[in-house]
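>>> 3D model of this:
(one chain, ligands or ions: 1)
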Amino acid sequence: MALKGLDIFKLSPKKNCKECGSPTCMAFSMKVAQGAVSVDACPYFSEDAKAALNEATAPPMKTIKVGAGDKEMSLGGETVLFRHEKTYVSKTRYAVAICSCMDDAEIDAKLAAIPKVDYERIGERMFVEMIYLNYAPSAGAEKYLEVVKKAAALDRVLVLGCTDVEVAKQALELVKDSKPILNGATPENYAEMSAVATAAGVALGVRGADINEIYDTVAALEKAGNKNLLIDVGVNSIKDAFATAVQLRRAAIKDNDRTCGYPSIVRVGGLAQGDKHLQAALASVFTMKYGSIVVLDQMTYAEALPLYGLRQNIFTDPQKPMKVEPGIYPLNGADENSICVTTVDFALTYFVVSGELERSGVPLNLIINDAGGLSVLTSWAAGKFSAGTISKFFAEHDIEGKLKSRKLVIPGKVAVLKGELEAKLPGWEIIIAPNEAVQLVKFMKDLTA
Ligand code: SF4
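Residues are numbered from 1 along each chain as shown. Sure, this is the predicted structure:
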């Protein structure tokens with residue numbers, strides 16, 4: 001909950017010395033409350049007061065970093081319950097589960113399938129970012145450690161699902177430098193598990209029979225000084241898992257209960273009990289509410305395409321248009337003499353159009369206009385993609401100096417611009433493209449045949 005200026009003023013030194021740039025401590029406190037200035041701008045706040053302020057102004061949900069190097073990623077850190085209120089900040093990450101109870105052939109096949117889903121959609125790489133390794137005591141520690149070694153070779157963030165303290169310790173010895181997650185704290189073992197996770201410098205997953213047990217265990221871990229935690233919502237039932245995920249998030253954000261404010265692990269494969277369709281539905285549900293890590297039994301393209309599309313829709317910032325950088329994009333080995341095609345900087349338009357143009361194999365220069373990240377018709381209606389803005393963009397970016405071709409293909413949906421563009425860009429031949437991007441392949445081939 002945000003602090004009021006008066007709360008901050010109570011902790012201030014009350015010297016009114018103006019060294020912070022504000023006329024009084026009260027004025028300074030008001031600015032801190034608004035987030036306009038950091039409390040560090042005053043040299044006289046005591047360390048205790050600063051610590052109390054930092055604690056009070058910290059986000060209700062902790063940001064937990066996992067993975068190392070270029071695989072490092074953030075989980076949690078959310079400040080709102082609904083995306084439209086502001087934005088979500090840490091997207092759901094997907095893991096594929098492997099159990100040491102599986103036979104070697106099955107484990108090898110599951111590991112081999114993980115890198116197969118890897119593609120780009122609107123500038124974002126879509127792939128399985130994590131591997132969840134479940135320890136089955138019946139298969140023995142040695143087998144588990146072998147599985148951990150094999151999975152580590154895939155260079156994904158590992159989640160070690162292991163409640164045996166000794167085995168967890170040995171597994172962490174193998175992979176601790178890659179900063180995996182140890183999902184193994186229970187009400188019975190949390191103290192030992194916390195020591196193992198802290199020694200390895202990794203985040204600890206907490207589980208329990210129900211939300212009350214989870215809460216008490218997290219509170220005990222916090223009291224012992226470990227706040228590098230995640231919460232496993234369990235696999236008792238879909239209803240319990242969903243209720244736990246939602247109640248924890250609500251309590252953290254609405255009630256400012258920081259003991260609930262940790263990222264979650266949701267094992268939808270375990271909840272679906274082998275039903276692939278149910279698993280797909282649950283993965284979607286927990287992407288929306290409120291899975292930080294969603295663990296599936298497998299990730300094929302059939303699962304990935306709708307799921308990653310959903311995630312991208314939910315976790316993009318609704319306050320920022322999805323746009324690409326305006327400029328010249330040479331495609332298919334184009335040079336300065338290649339034909340020019342122009343469209344807007346809306347990311348979806350760019351990726352759809354550039355994909356089709358690449359498929360045509362025709363060398364061309366794709367000129368992306370600054371249209372405020374809007375689609376073709378929307379930007380045209382808003383006056384951001386008109387003959388005037390296109391010709392202005394051409395002048396500002398010296399298109400005529402950089403390219404020798406004087407043939408310009410414009411989107412079919414703004415065919416109305418042809419006459420005006422010819423007047424504003426003398427010497428250019430304006431060609432109207434088809435209405436749909438999918439028709440571009442044949443159109444470009446015919447045009448340059
Ligand atoms: S520098 Fe600190 S003590 Fe001085 S006026 Fe600003 S807030 Fe008050």
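
>>> local confidence estimate at the residue nearest to Y88 when sequence neighbours are not counted?
The shortest distance from Y88 to any residue other than its chain neighbours is 5.3 Å, reached at F315 (CB to CB, 6 or more residues apart in numbering). Quick note: C-beta positions are derived from backbone N, CA and C, even for glycine. The score at F315 is 94. That number is its pLDDT.

>>> next, count neighbours for F315.
16 (other CB atoms under 10 Å).

>>> next: F286.
Using other CB under 10 Å, F286 has 25 neighbouring residues.

>>> and if you look at the one 4 residues further on?
Y290 has 26 neighbouring residues, counting by other CB under 10 Å.

>>> mind listing what the residue lying closest to G76 once chain neighbours are set aside touches?
Ranked by CB to CB, 6+ apart and with sequence neighbours excluded, the top spatial neighbour of G76 is P263, at 3.7 Å. Going by CB atoms under 8 Å, 6 or more residues apart in numbering, P263 touches M61, K62, I64, L75, G76, S90, L230, I231, S292, I293.

>>> one more time with 7 Å
Contacts for P263 (CB atoms under 7 Å, 6 or more residues apart in numbering) come out as I64, L75, G76, L230, S292.

>>> so what's Y119 closest to, chain neighbours aside?
Here the residue nearest Y119, using CB to CB, 6+ apart, is M126, at 5.4 Å.

>>> does the one you found lie in a helix or a strand, and which?
Here M126 sits within strand 124-127, counting by DSSP states H and E.

>>> that strand packs against which elements?
strand 118-121, helix 301-315 (3 or more CB pairs under 7 Å, 6 or more residues apart in numbering; DSSP states H and E).

>>> Serialize the ones you listed to JSON lines and add fields for distance to the ligand.
Below are the helices and strands packed on strand 124-127 laid out as JSON lines (distance: least, CB to the nearest ligand atom, whole Å):
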{"stretch": "strand 118-121", "distance to the ligand": "49"}
{"stretch": "helix 301-315", "distance to the ligand": "39"}
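
>>> mean pLDDT lowest where, among the ones you listed?
Within the helices and strands packed on strand 124-127, confidence is poorest for strand 118-121, with a mean of 90 (mean pLDDT).

>>> export that one to PDB, keeping only CA atoms.
What follows is strand 118-121 as a C-alpha-only set of coordinates in PDB (Å, rounded to 0.1, in the frame of the first residue of the first chain):
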ATOM      1  CA  ASP A 118      11.400 -22.900 -30.900                       C
ATOM      2  CA  TYR A 119      10.000 -20.100 -33.100                       C
ATOM      3  CA  GLU A 120       9.600 -16.400 -33.200                       C
ATOM      4  CA  ARG A 121       6.300 -14.500 -33.000                       C
END
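
>>> Provide the strand pairings for that strand, with the direction of each partner.
Strand 118-121 sits in its sheet next to strand 124-127 (antiparallel), going by DSSP bridges.

>>> residues in contact with the worst-scoring helix or strand of the chain on mean pLDDT?
None of the helices or strands of the chain scores lower by mean pLDDT, DSSP states H and E than helix 47-57, at a mean of 80. Residues from elsewhere that reach helix 47-57 (CB under 7 Å, 6+ apart): L3, I8, L11, V39.

>>> show me the residues you listed that map onto helices.
I8, L11 (DSSP state H).

>>> buried among the contacts of helix 47-57? Make that a ChimeraX selection.
Per 16 or more other CB atoms under 10 Å, the buried members of the contacts of helix 47-57 correspond to this ChimeraX selection:
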select :8,11,39
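
>>> H277: which of the contacts of helix 47-57 is nearest?
Ranked by distance to H277 (CB to CB), the contacts of helix 47-57 are led by L3 at 47.7 Å.

>>> ok, and the closest non-adjacent residue to the closest one?
Here the residue nearest L3, using CB to CB, 6+ apart, is A56, at 5.2 Å.

>>> just give the number of residues close to that neighbour.
So A56, with other CB under 10 Å, has 14 neighbours.

>>> and the gap between it and the ligand?
Noted for A56: a distance of 17 Å to the ligand, by CB to the nearest ligand atom, to the nearest Å.
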